[in-house]
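Trainee: what would the 3D arrangement of this be:
(one chain, ligands or ions: 3)
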Amino acid sequence: MSQDSNGTLPDSIILPRHIAIVMDGNGRWAKRQGKPRHAGHRAGAENLRNIVKYCGDIGIEVLTVFAFSSENWRRPKTEVALLMELFMDALKQESERLRKNNVRLRIIGDRSAFSARLQRQMGETEAITAASTGMLLQVAANYGGRWDLAQAVRRLAERVKTGELAPGDIDEAAIAAELSFADRPDPDLFIRTGGEQRLSNFVLWQSAYSELYFTDAYWPDFNEAALDQALRHYAGRQRRFGMTGEQVVAERKENTPC
Ligand code: IPE
Ligand code: IPE
Ligand code: MG
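Mentor: Residues are numbered from 1 along each chain as shown. Ligands and ions are numbered 1, 2, ... in the order given. From the prediction side, this is the model:
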């Protein structure tokens, strides 16, 4: 961990390289306070700023957050419009802060459904932060795990059509290589706030071996201390990847320098 951490986590703790978060519960957070839903989305955006800073400080390599799903277009028009405005404002306002904090932004998802203005801003913020060498922040917008798989398969089919690839070459690695963030490790830790225990079409393929963590906290309330709790929980799990617990212990001993 870097020394910027707030010190509540032990230095020796095993941290995930990649955290994926379903930021759920903004609407209920607002309702609980007697406020309109958009107040919850605003508070959620503010919380994201804090969590991004914190994850960068403690040395997380990749943070992937679900901001807008392929299915969220089904919400009332006014809420969708508000979310688009919020997205636009956040991209504009956060560019410099992200760059200063050495965070690189990447938007994942089907951008073609967004307005030309928003697509332009996405490209601009990505460009402003492109040289950052610290954490990669992936914001999933109009993203769905099934969409991701479908676009990967489509690309493979195109390569088969040109003769570059034979159908028999399509294996797990070939599919994985066409997914949205093929150049990064799969999420080690998958967090969902807001009390629901479902994936809601987030990173489906890539979460095959993620540790799942569900919390009742609404996203605007999920602060650094709440994340620390999730990280402690993660550190206490034994990831076996199909092996036995004994094998995992033996392997760890082999790889530990004396
Ligand atoms: C998550 O919070 C934000 C988005 C899906 C954009 P919700 O808006 O789903 O909040 P709840 O689930 O209604 O409380
Ligand atoms: C998942 O939350 C999507 C995001 C957080 C962006 P939803 O609130 O849309 O999920 P469901 O509809 O309850 O499954
Ligand atoms: Mg929700």
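Trainee: tell me, how many neighbours does Glu172 end up with?
Mentor: 9 (other C-beta atoms under 10 Å). In this view, the C-beta of every residue, glycine as well, is placed from N, C-alpha and C.
Trainee: apologies, that question was intended for Val52.
Mentor: Counted with other C-beta under 10 Å, Val52 comes out at 22.
Trainee: so it touches Val103, yeah?
Mentor: Yes. Here Val52 reaches Val103: they are 6.3 Å apart, a contact under C-beta atoms under 8 Å.
Trainee: get me the contact residues on the stretch 1-150 of the chain for ligand 2.
Mentor: Residues of the stretch 1-150 of the chain lying close to ligand 2 (C-beta under 6 Å from any ligand atom) are 22-24, 66-69, 72.
Trainee: contact residues of the protein facing ligand 1?
Mentor: 23-28, 68, 72, 83, 194.
Trainee: re earlier: make TSV out of the residues of the stretch 1-150 of the chain next to ligand 2 and add secondary structure, neighbour count and pLDDT.
Mentor: Converted to TSV, those look like this (DSSP: H, G, I helix; E, B strand; the rest coil; neighbours: other C-beta atoms under 10 Å; pLDDT from 0 to 100):
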residue	secondary structure	neighbour count	pLDDT
Val22	strand	23	99
Met23	coil	23	98
Asp24	coil	24	98
Phe66	strand	25	98
Ala67	strand	24	98
Phe68	strand	21	98
Ser69	strand	20	98
Asn72	helix	17	98
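Trainee: between those, which is closest to Arg184?
Mentor: Phe66 (15.9 Å; C-beta to C-beta).
Trainee: partner residues bridging the closest one?
Mentor: Under DSSP bridges, the beta-bridge partners of Phe66 are Val22, Ala140.
Trainee: show me what contacts it?
Mentor: Contact analysis of Phe66 by C-beta atoms under 8 Å, 6 or more residues apart in numbering lists 20-23, 140, 143, 200, 202.
Trainee: ok, now which ones touch the residue in the chain that ligand 2 sits nearest to?
Mentor: When scored by C-beta to the nearest ligand atom, the chain has Ser200 as its residue closest to ligand 2, at 3.7 Å. When contacts are counted by C-beta under 8 Å, 6+ apart, Ser200 touches 22, 24, 66, 69, 71.
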